[in-house]
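*Asks:* Below is the structure, and that's it, no one-letter string:
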């Protein structure tokens, strides 16, 4: 009002602040994502400014007002409440001006839902019994926090106080519960655990909350009955139908099935393997007998087994009675109602019929045509006609019937002649010649000379004659027309002279025929034998006067074909056999040092023994053992090297000579090596049998096992016949013979897989014999016969380490299953027949009845054996032939492949076949260095074979046999080939080594090529030079140089003296 102008500066509030910059530390305040329950405190980092505010809000929020989805705290707060509403939230920082930061990278997840879990059990059906270990698994629907630990509790049939579970991952927890006593339902509950947001788990599982405990076995099976048979009553039905009332289970798990079997024991308890849930079954075909029983017991779903029930015995009879003997009657007689009698029939099972055991028939013709009305029955083994017979020739026969009305065949015909007499009456007379020919015996009429021998050394022989049941007389002659021969009373044995008075050596034949009392004769039979009275002679070849103990003392003997060549030396005995050309190989083995005198004499097949030939020789001790390896074909001739150490020692000063102790050490290196064990031929195991032992079995026939073996392999039987193996003492001849069974695919089927064989070939395969093949089933592994120490014959094969083996076996009848086991036996193969004393073999074979397949005395106890492999045979095409494909072990040694056949036929039971399998090590390529053998890497090993069609060597086609050729060695230097029979040679090429080529060699069937091959370097001779030779050479050069200087000095002195004289 006075007009004064205002002062420009206000007394207060003269300024204000403009802030348009938003905070940027939201990722520092909330750095890592987290989960929380709505309303729970979430830990954060202070923003550092008290004027700030921090917020949890949904992503993209621009307006900040506290509520169910937004929470706030001061700028320096270290915790903030999570929003109440479930969802995802971001951190925002607001300054005092209201500027908001961008949202945080980390996310807060609000989870208000409790986690749930589903329960599963290690026993899938959740049915258990006392003692079972039950693993309970809880699978949660979300990740669980590590703390607190989830707990489990069980109530009901089993109880468990809340116990910690084991975490396997974020959503899986397990607990192992040992089931206790009780029956019924057990309930599982969960507690304590939380999810990562902190929600406590739901106690009740979403599924699998209960499991069943059953400790009570099912009831004993009742109501056993057979609709096809009555116990203790004979039946001709070979299959037995059995049914029963279903068992019940009070334990709660219910009946799962039944185990049952048929056998010949009254109290057998079936095993614990279920045979099905049905309440009826039918047996397989049963053999005749009166001791077949059925056994059954029930199992519940907890695998509790009830007591066994039994039904039986059942009687089975499918065999008719034996045929009655030939009827006969009193003759001559005037009775026109004659009485016939016959040898009674027998029936080992149900017995003869109680009321009508015999049916008889009579007729006027031997074919009984039109005589069906002339039939009657009889209660005994006799019959009297009730109607008068007219004059004629009458034939009569009888047959038997057992209790099951099974009839035998008719007997042979009895016959009579009813004719008129002068007195008007009738008489019965014996039927004349021509009506009834001789009845042949089983196997037919026969005559044998000296029990079937092929040779004799004396013209007086023993005949064995085999006539029939009505044979009364016989005729024997040395002529086919029986000229000058006469009938004589039939006898089973007769002494016979092949010729008279003088008998030249050669073949002789004896003829025989047999007659009835009516004079009717059989057909002519004959037998031949060779008379040989000349003693065999001996010629020796390739025998030497001196042998080394490191080599076999061997030579050849020429004598008669197939003769026994006997040897005697220094108190020992031996026996070998000449072949069809009369050549025998004598190999006495590696013998100890000493002098020997060997007497050799031959015994031919007729038993003639020749004069002895004598050979004397000396065996020198082993001085040094040097392994000789094949010499490379392209190696250049070696120049002889003079050992300088043998020349210069007199000129070497003592300073350079080795000390006396060293010289003694060098001298000690030369050791005479004497084998620890004497060779077999020197170990007193060739001793001849005592006379008492020979009398015990010299004429005993071949053992049953070998007989059955020759029936399965006809070629083997012919071989035994050819070499004269007919009785137990002839087994000596097998001592030097390698017995090899025919391969599975011998010509014309060689090289064919089993599946490609025709049905006829498969049908003809021997049963219960294991065959082995390799190379894609086109190479047969040779199967040898091994006589074991206990007298059993066992199959034996050899193959290379790691090669595939295809095994084939044909059971004798349908089998439930065929299993195989490969068991390690030893690093060194056990001895076979060729290594065992013959007297041990002969004695054991005499009293044993072995076969390839033996009844299994007890199951294969794999826990007691060094089990390498267990496998199953399979019949994939249903042809009854089972096969298995396995791989040979990688470690060399002796193994045993045990094949166990569980037959459906209870009478056959379970059988096992043991196949000895020798695994040969693979060959390798190496070079010899001073420090020892070194395997060669990268050597190319090629195998060449002689192509018989082209008559030239070619690279062997290995791909046709699932192999490679050539092979390149790795750091082990190993190689190997499995090849079919033929002629081969090896070629090896390697850098820095001359090319190696072996001599041609022959390979037998199923044998491997795995020889070790040494390659010598191009400068191998440098290995002969050591430091001692080097010092000697230097000293020699200096010595020669000194001689040279002395010579020059002497010439110079002489020249100087000459000049002085002048």
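*Replies:* Okay, I see it. Only a predicted model underlies this, so the values are computations on that prediction, with no experimental measurement involved. Numbering: from 1, shown residues only.
*Asks:* Distance from the chain centre to stretch 268-282, please.
*Replies:* With Cα atoms, centre = their mean, to the nearest Å as the basis, stretch 268-282 stands 30 Å off its chain's centre.
*Asks:* Same check on stretch 520-537?
*Replies:* 47 Å.
*Asks:* Can you point out the buried residues in that stretch?
*Replies:* By 16 or more other Cβ atoms under 10 Å, the buried positions in stretch 520-537 come out as 520, 521, 522, 524, 525, 527, 529, 531, 532, 535, 536. To be clear about C-beta, it is placed using only N, CA and C from the backbone, and glycine gets the same treatment.
*Asks:* same check, this time on stretch 251-261
*Replies:* By 16+ other Cβ under 10 Å, the buried positions in stretch 251-261 come out as 251, 252, 253, 255, 256, 257, 258, 259, 260, 261.
*Asks:* which ones are touching the residue sitting nearest the centre point of the chain?
*Replies:* The residue lying closest to the centre of the chain (Cα atoms, centre = their mean) is residue 897, at 2.7 Å. Residue 897 makes contact with 770, 807, 820, 821, 822, 823, 914, 915, 917, according to Cβ atoms under 8 Å, 6 or more residues apart in numbering.
*Asks:* before we move on, back to that, and the buried residues of stretch 251-261, which two are the farthest apart?
*Replies:* 252 and 261 (28.3 Å; Cβ to Cβ).
*Asks:* Which ones among the contacts of residue 897 map onto strands?
*Replies:* When DSSP state E defines the strands, the subset of the contacts of residue 897 inside them is 807, 820, 821, 822, 823, 914, 915, 917.
*Asks:* I figured the fifth one hits residue 898, correct?
*Replies:* Going back to what we said before, that points to residue 823. Yes. Look at residue 823 against residue 898 with Cβ atoms under 8 Å: they come within range, at 6.3 Å.
*Asks:* ok, of the buried residues of stretch 520-537, which one's closest to residue 356?
*Replies:* Nearest to residue 356 among the buried residues of stretch 520-537, counting by Cβ to Cβ, is residue 520 at 34.2 Å.
*Asks:* I'd like the distance between the closest one and residue 381.
*Replies:* Distance of residue 520 to residue 381, given as Cβ to Cβ, to the nearest Å: 26 Å.
*Asks:* Residue 816 now?
*Replies:* Taking Cβ to Cβ, one finds residue 816 at 46 Å from residue 381.
*Asks:* and what of residue 162?
*Replies:* Distance from residue 162 to residue 381, counting by Cβ to Cβ: 89 Å.
*Asks:* Which one's more surrounded, those two?
*Replies:* Taking other Cβ atoms under 10 Å, residue 162 and residue 381 do not tie; residue 381 has more neighbours (19 against 13).
*Asks:* Chain neighbours aside, what residue packs nearest to the more buried one?
*Replies:* residue 344 (4.1 Å; Cβ to Cβ, 6 or more residues apart in numbering).
*Asks:* tell me the contacts of that neighbour?
*Replies:* Residues in contact with residue 344 (Cβ under 8 Å, 6+ apart) are 324, 325, 381.
*Asks:* low pLDDT regions in the stretch 601-750 of the chain?
*Replies:* Applying pLDDT under 70 to the stretch 601-750 of the chain flags residues 623-750.
*Asks:* and the gap between residue 12 and residue 221?
*Replies:* 111 Å.
*Asks:* Which residue of the two possesses the greater neighbour count?
*Replies:* Neighbours of residue 12 and residue 221, each counted by other Cβ under 10 Å, are more numerous for residue 221; the result is 24 against 5.
*Asks:* The one helix or strand residue 1053 maps to: which residues count as buried?
*Replies:* Taking DSSP states H and E as the criterion, residue 1053 maps to helix 1027-1061. Residues of helix 1027-1061 classed as buried: 1032, 1035 (neighbour count, 16+ other Cβ under 10 Å).
*Asks:* before we move on, back to that, generate CSV for the buried residues of stretch 520-537, with pLDDT and secondary structure as supplementary columns.
*Replies:* Below are these laid out as CSV (pLDDT from 0 to 100; DSSP: H, G, I helix; E, B strand; the rest coil):
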residue, pLDDT, secondary structure
520, 80, coil
521, 83, strand
522, 87, coil
524, 91, coil
525, 93, strand
527, 94, strand
529, 93, strand
531, 91, strand
532, 90, coil
535, 90, coil
536, 91, coil
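*Asks:* would CSV of those residues with distance to residue 470 be doable?
*Replies:* Shown next, in CSV, are these (distance: Cβ to Cβ, whole Å):
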residue, distance to residue 470
520, 9
521, 12
522, 10
524, 18
525, 17
527, 23
529, 29
531, 35
532, 39
535, 47
536, 47
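*Asks:* what's the closest of these to residue 5?
*Replies:* Nearest to residue 5, judged by Cβ to Cβ, of those is residue 536 at 168.0 Å.
*Asks:* got the contact list for that closest one?
*Replies:* By Cβ under 8 Å, 6+ apart, the contact set of residue 536 is 559, 560, 563, 602, 603, 604, 608, 609, 610.
*Asks:* How much space separates the second one from residue 508?
*Replies:* Residue 560 sits at a distance of 19 Å from residue 508 (criterion: Cβ to Cβ).
*Asks:* looking at this protein, which helix or strand is least sure?
*Replies:* The weakest-scoring helix or strand in the chain, judged by mean pLDDT, DSSP states H and E, is helix 838-846 (a mean of 31).
*Asks:* Do a quick rundown of the strands in the stretch 901-1050 of the chain.
*Replies:* Secondary structure of the stretch 901-1050 of the chain (DSSP state E, counting those that start in this stretch): strands at 910-920, 923-929, 932-935, 940-947, 952-955, 967-968, 974-975, 977-978, 982-989, 996-997, 1001-1003, 1008-1009, 1013-1014.
*Asks:* Mind putting the ones you listed into TSV with mean neighbour count, distance to residue 391 and mean pLDDT?
*Replies:* As requested, these are exported to TSV (neighbours: other Cβ atoms under 10 Å; distance: least, Cβ to Cβ, whole Å; pLDDT from 0 to 100):
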stretch	mean neighbour count	distance to residue 391	mean pLDDT
strand 910-920	20	64	82
strand 923-929	19	94	85
strand 932-935	12	104	80
strand 940-947	18	85	92
strand 952-955	12	90	90
strand 967-968	15	96	90
strand 974-975	23	95	87
strand 977-978	24	84	82
strand 982-989	18	82	92
strand 996-997	21	99	91
strand 1001-1003	13	82	86
strand 1008-1009	21	85	80
strand 1013-1014	20	98	90
